[in-house]
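Student: Provide a 3D model corresponding to the input given below.
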Amino acid sequence: MRKWFALGMGMMMVTGLAACGGNSNGNGGSSGNESTPAQTANSSESKGTDKETVKDIEIVFQSWVTPNLTVEYYDQLIQKFESANPGITIKRIQPPANEGSPDSYLKTLLASGDFPDVVQNATIQMFVDADALLEIPIDEDIKNINNYEAEMIDGKLYNISAIRQPQSLVFYNKKLFAEAGIASTPKSWAELEAAAEKLKAKNITPLLTAGDWTAGFTFSVMTSPSVYKDNKSWYADRFDNKVKFTDENWKEAAGYYANLVEKGYFNKGALSIDYTAVEQEFLKGKGAMYPMGSWFSAAEAVAEKDFEVGVFATPTKDGTQYLLGGENAGGYAVAKNTKHAEEALKFAKFMMLDPEAHKGFLQADALFSNLKEPLKWEMSPLQTEIYELLLNNPPMVGHMNNKVGRVPVAGIQDQYNKVAQNILLGDVDVEKGMQSLDEYWDKNNK
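Tutor: I've put the predicted structure just below:
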């Protein structure tokens, strides 16, 4: 799951990208010495075709537009690709705003027979189950990605991604922490509650969240590290009925979160604002702590404010630092029934693996390269702090709708949202909420 970047940096970065030339062979990150099976087949078929036939190729691309990854960001990259690949036109489409992923939008398009040629940030398992995605050949480009095997489904790869994205982070306003007399960042649940109490005593809102996907995300990143640090294959075990959301560790974590809400530590009216608005609330100094993924640091880097922002790993019950996040997720996939497999695959590779596009994507959304020869970008002080957290922690696992041993049942993020929103509304029946997650899982486990 990914959210996303400030307009200023995005436009600045892609303006630079548009001025850069692509590889002469047009293969994105490819060395040009190897061809995929799809490329070999299609290139042999295309011999002897005239220019008019080539010019008819249109690739429909479902983009994921956010405050970080703007329309301008995508359109400049598309322009660069089209300039390097005459005869291929990219038609960009996008789902409605305020969704946690494009899954619902894509399901509608799939049912209507209008599934795009290239999709981005989809829940891959869901569309593999629907037989909608093309298997990605394992060529030299793919072999240059660390741990690409972990994203395979039944031994096949369907998603091109080469990023690491820490998500269980809490950003904090250093000025407000100082005003409340908080000398060190909290590591345990008890320390976070103590900090929140000090902030509230100074009439400072301790924690910020929002009512769209943000509610479920906040709930997940503030509870699941305490569960998943001790069981890095929790979702796999849930499929085998070895664990449940109604187990004591999950109920205790959810109870801790509900207690933060009950004590008034979250912003009033959280459910009436969305992700974009709550981000601005934090940047305006309206709250002291903001649980969010690394992508927020891109917005922070270009924001005008009179305070410094720091970051710490989401506290766990016992104070053990453990990050959750995504590795090689949220990338680009190709439709199985595309009429232009070679061109669609070339575009998907370009968007993730072309060196300048890859570097621009990392900086735009504050991500970290997962290539075997990682590409580096100029990080802000806050982003450097995140990178150090990433280096000093064990390998991440996912949470919410990301893999924890296995990818969870489709749509689980919506149920997380419902539980979190109910808690924000004052429903403190934690066991009932966690039971609803088990019921959703069992109903949708196919």
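Student: just the strands in this protein please.
Tutor: Assignment of strands within the chain using DSSP state E yields the ranges 57-62, 88-93, 118-120, 163-166, 169-173, 289-292, 309-313, 325-327, 332-334, 368-369.
Student: Now the first one: buried residues?
Tutor: Within strand 57-62, the residues that qualify as buried are 57, 59, 60, 61, 62, counting by 16 or more other Cβ atoms under 10 Å. Backbone N, C-alpha and C define where each C-beta goes, glycine included.
Student: And residue 117, how far from residue 347?
Tutor: Counting by Cβ to Cβ, to the nearest Å, the gap between residue 117 and residue 347 amounts to 8 Å.
Student: Between those two, which contacts overlap?
Tutor: 59, 61 (Cβ atoms under 8 Å, 6 or more residues apart in numbering).
Student: Residue 390: what's it in contact with?
Tutor: Under the criterion of Cβ under 8 Å, 6+ apart, the contact partners of residue 390 comprise 164, 166, 323, 368, 396.
Student: And it, how close does it get to residue 324?
Tutor: The gap separating residue 390 from residue 324 is 12 Å, by Cβ to Cβ.
Student: same deal with residue 70?
Tutor: Relative to residue 324, residue 70 is positioned 27 Å away (criterion: Cβ to Cβ).
Student: Where does pLDDT dip in the chain?
Tutor: Applying pLDDT under 70 to the chain flags residues 1-55, 97-100.
Student: picking that back up, tabulate the contacts of residue 390 (CSV), appending distance to residue 267 and neighbour count.
Tutor: Formatted as CSV, these follow (distance: Cβ to Cβ, whole Å; neighbours: other Cβ atoms under 10 Å):
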residue, distance to residue 267, neighbour count
164, 30, 24
166, 24, 24
323, 25, 24
368, 30, 22
396, 28, 21
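Student: Max pairwise distance over those residues: which two?
Tutor: Distance extremes for the contacts of residue 390: the farthest pair is 323 and 368 at 11.7 Å, using Cβ to Cβ.
Student: what residues are shared contacts of those two?
Tutor: If you check residue 323 and residue 368 against Cβ under 8 Å, 6+ apart, the residues they both contact are 166, 390.
Student: Count the neighbours of residue 425 for me.
Tutor: Using other Cβ atoms under 10 Å, residue 425 has 12 other residues around it.
Student: Quick check: the gap between it and residue 262.
Tutor: 12 Å.
Student: Okay, domains of the protein per the record?
Tutor: Recorded structural domains for the chain (assignment: automatic domain parsing) are 7-25+35-165+327-377, 168-322+386-444.
Student: Could you tell me how many residues sit around the closest residue to residue 163 other than its chain neighbours?
Tutor: Leaving aside its chain neighbours, residue 163 sits nearest to residue 367 (4.4 Å; criterion: Cβ to Cβ, 6 or more residues apart in numbering). For residue 367, the count of nearby residues is 27 (other Cβ under 10 Å).
Student: how about residue 361, what does it touch?
Tutor: Shown here is residue 361, whose contacts under the criterion Cβ under 8 Å, 6+ apart are 163, 351, 352, 367.
Student: List the residues that contact the spatially closest residue to residue 104 that is not a sequence neighbour.
Tutor: Leaving aside its sequence neighbours, residue 104 sits nearest to residue 95 (Cβ to Cβ, 6+ apart; 7.5 Å). Residue 95 makes contacts with 62, 64, 102, 104, 105, 106, as judged by Cβ under 8 Å, 6+ apart.
Student: hmm, back to that, is it possible to get a markdown table of the strands of the chain that adds distance to residue 277?
Tutor: Formatted as a markdown table, the strands of the chain follow (distance: least, Cβ to Cβ, whole Å):
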| stretch | distance to residue 277 |
| --- | --- |
| strand 57-62 | 25 |
| strand 88-93 | 25 |
| strand 118-120 | 24 |
| strand 163-166 | 22 |
| strand 169-173 | 16 |
| strand 289-292 | 12 |
| strand 309-313 | 18 |
| strand 325-327 | 24 |
| strand 332-334 | 29 |
| strand 368-369 | 27 |
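Student: Out of the ones you listed, which gets nearest to residue 278?
Tutor: Of all the strands of the chain, strand 289-292 sits nearest to residue 278, with 7.4 Å by Cβ to Cβ.
Student: Show me the one of the strands of the chain that comes nearest residue 241.
Tutor: Of all those, it is strand 325-327 that lies closest to residue 241, at 25.9 Å by Cβ to Cβ.
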